[in-house]
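[1] Build the 3D model from these lines:
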Amino acid sequence: MPTRLRKVRKLRGSRTHGWGQVGQHRKSGQKGGTGNAGLHKHKWSWTVKYAPDHFGKDSLKPKRASKPRKWINVGELETLSQSQNTSEINLTNLGYEKLLGAGSVKIPLKVVVKSCTEQAKAKIQAAGGQVIVG
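    Have a look, this model is predicted:
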């Protein structure tokens, strides 16, 4: 059977509603302050657990200057060699920095490049070509 009166109704007129001396459940004294007060002092363990990013700098970092890297896939090398009428391709002189492994190659090519992936190297060597990295 539900109770007829809630606790709040019973405590009407009692001034402190079961919180002891006047002022013990009022405002922000003896509770550690209002809001974010004490996050760097007596509420530090709460800060570490629930708001670890509250303190410290982390926004508006300067954008790092980085030039765009130019790359080419293995599948594009055949058309490139046909347009230059040669089986030796110096990708470094053409402005490419990296050779990636997408696509396939059927003719043996000699490729000079700054860097390349293992997959790209394996595909060129499987076709009878060679890759010079450096």
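
[2] Go ahead and flag the most central residue of the chain.
    residue 58 (13.5 Å; C-alpha atoms, centre = their mean).

[3] Check which helices and strands the worst-scoring helix or strand of the chain on mean pLDDT sits against.
    Of all helical and strand segments in the chain, the minimum by mean pLDDT, DSSP states H and E falls on helix 77-84, at a mean of 88. For helix 77-84, the elements it packs on are strand 88-90, judged by 3 or more C-beta pairs under 8 Å, 6 or more residues apart in numbering; DSSP states H and E. Any C-beta I mention is one placed from the backbone N, CA and C, and that applies to glycine too.

[4] next structured bit after the strand it packs on?
    strand 98-100 (DSSP states H and E).

[5] For that next one, which strands pair with it and how are they oriented?
    Applying DSSP bridges to the sheet, strand 98-100 is found paired with strand 71-73 (parallel), strand 115-116 (parallel).

[6] Show residues contacting the longest one.
    Same thing as strand 71-73. For strand 71-73, contacts defined as C-beta atoms under 8 Å, 6 or more residues apart in numbering pick out 80, 91, 96, 97, 98, 99, 100, 101, 102, 103, 120.

[7] What segments of this structure are helices?
    7-10, 44-50, 77-84, 118-126 (DSSP state H).

[8] winner for burial among those helices?
    Comparing the helices of the chain by mean neighbour count (mean count of other C-beta atoms under 10 Å), helix 118-126 ranks first with a mean of 16.

[9] Just want the angle from that helix to helix 77-84.
    60 degrees (axes from the mean of the first three to the mean of the last three C-alpha atoms, to 10 degrees).

[10] Could you name the helices and strands sitting against helix 118-126?
    Contacting helix 118-126 under the criterion 3+ C-beta pairs under 8 Å, 6+ apart are the following elements: strand 98-100, strand 130-133.

[11] let's go with 6 Å and repeat that
    Judged by 3 or more C-beta pairs under 6 Å, 6 or more residues apart in numbering; DSSP states H and E, helix 118-126 has no packing partners among the helices and strands.
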